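1. build me a model:
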Amino acid sequence: MEMSHHGGAEAESLLRADRSTIMPQNKRWDANEGEKAPFLRNEPVKLTPAWEGSNLPNDTLNLKGIAMDLVPPKDKWNLIYFTLMLHGLGTLTAWNMFITAKDYFVEYKLANAPGYATDFMTYVGWAAQVPNLLFSWFNIFVQTGGNLTTRIVWSLCIEVLIFVVTVILAMLDSSEWPDVFFWLTMVSVFFLNGFNAVFQNSVFGVAARLPPQYTGAVVLGSNICGTLIVFLNWGSDAFTKSARTSAIYYFICGMFVLLICFDTYFALPLNRFYRYHETLQERTLRVNPTLASTNQNASPVKNKIPYGIIFRQAFIQLYNIFIVFFVTLAIFPAVHSDIKPITAGFLGNNFVRLTCFLTFNFMAMIGNITASLYQFPGPRWLSLFTTLRILFIPLFLLCNYHPMGRTRTLPVVVNNDWVYWLMAVLLGWSSGHGSSLGMMYVSGTVAPEHAPTAGMLGGAVLVTGIVAGITFSRFCPAIVSLATWTNM
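-> Numbering: from 1, shown residues only. Take a look at the predicted model:
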């Protein structure tokens with residue numbers, strides 16, 4: 001007797017833990033073997049995002065006739081790769097949108113509150129990165145785990161709601177209450193980036209189920225985010241003559257990016273390439289329960305992690321990661337965006353947009369690419385490369401840097417716009433190249449079983465370097481405005 005579905009559709013089971021051979025369709029009962037062919041259960045498909053729960057059968061959607069063990073499906077048209085790249089872009093959308101919109105906040109919304117406008121970039125940096133800092137260190141010592149779908153869906157929903165509040169604030173005339181607007185913005189940035197940290201961590205958890213290049217897709221998306229946001233900001237300014245209207249369209253576009261991430265996440269389990277690797281991981285965890293500690297939905301194995309040993313072994317690379325981001329954030333965006341052209345009219349009104357935001361983000365992306373192609377310098381000499389970057393701090397302070405509300409007394413030594421722009425190119429490229437190499441090397445400095453912890457330490461040190469750099473940038477206006485410089 002031959003088995004078939006009532007609807008006429010037939011499919012094989014994705015994977016079987018007890019069998020690796022190809023099982024033909026429509027196989028009959030074999031009385032000698034006493035075993036039934038692995039036909040799919042005749043049950044309705046539930047289109048639900050919570051696929052890592054038990055509400056979808058292992059025999060997945062649209063996988064007719066695929067021998068999953070021997071002929072794994074391909075990522076047709078690179079749909080999953082581009083989806084994860086989009087999610088990588090979404091992980092840095094909030095941060096890049098707020099720092100790139102400096103003119104909107106400083107020159108339009110806070111024009112009547114110079115006290116807030118002067119240090120706006122520093123405050124935004126703190127509000128954005130402090131929750132990320134707390135979450136990163138907390139996640140090292142406390143395994144949060146949890147359902148990935150719940151974390152991604154809720155974090156994206158709350159981020160979208162905060163963007164709605166930001167758009168509403170852009171619509172309102174806040175000239176009479178700039179202090180209220182400032183603190184509402186800071187609270188919005190704080191919670192926006194706090195939930196974004198959850199989203200980012202979860203996206204990397206999703207990518208970890210796939211081949212390594214898909215984690216690279218998330219990184220690539222985050223790398224190109226800054227460049228795309230600059231063009232988005234530029235376009236919104238070019239096509240509208242009102243700062244208010246431009247900001248409304250600008251932040252609505254950011255909201256739509258997050259909504260697209262939300263929508264495409266629900267489509268992942270409908271793709272057989274993704275479903276294959278998810279099922280493969282589940283079977284691997286069943287066969288090797290000790291690996292369950294790396295699974296976001298499994299209870300971690302209670303092994304004591306030697307944090308002290310890991311930190312000592314990875315110290316050099318952790319230093320490299322820290323110093324790269326410390327130097328970068330000490331300059332960009334607070335100091336970098338307050339440097340004025342030496343030659344009047346150089347690049348017109350787009351001087352800061354081109355030499356600061358676009359140059360840094362584009363060259364950092366190029367630096368990430370060159371690091372993946374050429375691992376130079378090696379682990380032993382990378383610390384020399386990263387330490388030399390400290391020279392960027394005095395060099396940029398010697399450019400035509402004029403912080404708002406301050407009178408510069410330090411002489412301007414770099415008095416050529418092209419030389420300054422070349423320094424900006426080197427700053428961006430070395431930031432992307434050095435940070436990528438540091439993150440690539442850190443896991444290889446410890447035993448393989450401690451590599452994930454070393455990677456998490458690297459991420460936490462990265463955010464620590466960001467916060468330290470932002471804090472240092474707060475003192476840069478005072479450095480160039482010391483009265484004693486006039487006596488030199």
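2. would you mind giving the domain segments of the chain?
-> 78-302, 304-488 (automatic domain parsing).
3. which of those domains has the lowest average pLDDT?
-> Within these, the least confident segment by mean pLDDT turns out to be domain 78-302, at a mean of 85.
4. one step back: for Pro72, which of the domains of the chain is the nearest?
-> For those, proximity to Pro72 was assessed by Cβ to Cβ; domain 78-302 is nearest, at 5.7 Å. Using the backbone N, CA and C atoms, a C-beta is placed for each residue, glycine as well.
5. where's that closest one relative to the chain centroid, distance-wise?
-> The chain centroid and the centroid of domain 78-302 are separated by 7 Å under Cα atoms, centre = their mean, to the nearest Å.
6. can you check stretch 328-336 too?
-> 19 Å.
7. what's the residue nearest in space to the middle of the chain in contact with, if anything?
-> Central residue of the chain (Cα atoms, centre = their mean): Thr91, 4.1 Å from the mean position. Applying Cβ atoms under 8 Å, 6 or more residues apart in numbering, one finds that Thr91 lies in contact with 196, 199-200, 203, 218, 221-222, 225.
8. just send these back as TSV, with secondary structure and distance to Met171 too.
-> Rendered in TSV, the data for the contacts of Thr91 read as follows (DSSP: H, G, I helix; E, B strand; the rest coil; distance: Cβ to Cβ, whole Å):
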residue	secondary structure	distance to Met171
Asn196	helix	23
Phe199	helix	26
Gln200	helix	29
Val203	helix	31
Val218	helix	33
Gly221	helix	30
Ser222	helix	30
Cys225	helix	25
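9. could I get the buried residue list for whatever helix or strand Ala424 lives in?
-> Using DSSP states H and E, Ala424 sits in helix 417-442. Buried residues in helix 417-442, defined by neighbour count with 16 or more other Cβ atoms under 10 Å: 417, 420-421, 423-425, 427-442.
10. quick one, what contacts Leu92?
-> The neighbours of Leu92, taking Cβ under 8 Å, 6+ apart as the test, are 222, 225-226.
11. ok, of the residues you listed, which one's closest to Thr453?
-> For Thr453, the closest of the contacts of Leu92 turns out to be Ser222, at 22.1 Å, with distances computed as Cβ to Cβ.
12. the closest one: how many residues sit nearby?
-> Ser222 is flanked by 23 other residues according to other Cβ atoms under 10 Å.
13. ok, it touching Leu89?
-> Yes - here Ser222 reaches Leu89: they are 6.7 Å apart, a contact under Cβ atoms under 8 Å.
14. show me where the stretch 1-150 of the chain has its helices.
-> Taking DSSP state H, counting those that start in this stretch to define them, one finds helices in the stretch 1-150 of the chain at 79-91, 93-100, 102-103, 114-118, 120-141, 148-171.
15. what helices or strands is the shortest one leaning on?
-> Right, the one you point to is helix 102-103. For helix 102-103, the packing partners by 3 or more Cβ pairs under 8 Å, 6 or more residues apart in numbering; DSSP states H and E come out as none at all, with no helix or strand in contact.
16. which residues does that helix contact?
-> Outside helix 102-103, the residues that touch it by Cβ under 8 Å, 6+ apart are 120-121, 243, 333, 337, 352.
17. same question for the fourth one.
-> Outside of helix 114-118, the residues within contact range by Cβ under 8 Å, 6+ apart are 105-107, 110-111, 123, 178-179, 182, 403-406, 477.
18. again, 6 Å this time
-> Counting contacts by Cβ atoms under 6 Å, 6 or more residues apart in numbering, the residues outside helix 114-118 that touch it are 106, 110, 182, 404-405.
19. name the residues of it that are buried.
-> Counting neighbours by 16+ other Cβ under 10 Å, helix 114-118 gives 116-118 as buried.
20. and if you look at the first one?
-> Taking 16+ other Cβ under 10 Å as the basis for neighbour counts, the residues of helix 79-91 that come out buried are 80-81, 83-91.
21. need those residues in a markdown table (columns: distance to Val167).
-> Conversion of the buried residues of helix 79-91 to a markdown table gives the following (distance: Cβ to Cβ, whole Å):
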| residue | distance to Val167 |
| --- | --- |
| Ile80 | 31 |
| Tyr81 | 31 |
| Thr83 | 26 |
| Leu84 | 27 |
| Met85 | 26 |
| Leu86 | 21 |
| His87 | 22 |
| Gly88 | 24 |
| Leu89 | 20 |
| Gly90 | 17 |
| Thr91 | 21 |
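22. for the stretch 301-450 of the chain, just list every one of the helices.
-> Using DSSP H, counting those that start in this stretch, helices in the stretch 301-450 of the chain cover 307-313, 315-331, 351-352, 359-373, 382-388, 392-397, 417-442.
23. quick one: list the elements packing against the fourth one.
-> With contacts defined as 3 or more Cβ pairs under 6 Å, 6 or more residues apart in numbering; DSSP states H and E, the secondary structure elements packing on helix 359-373 are helix 212-238, helix 417-442.
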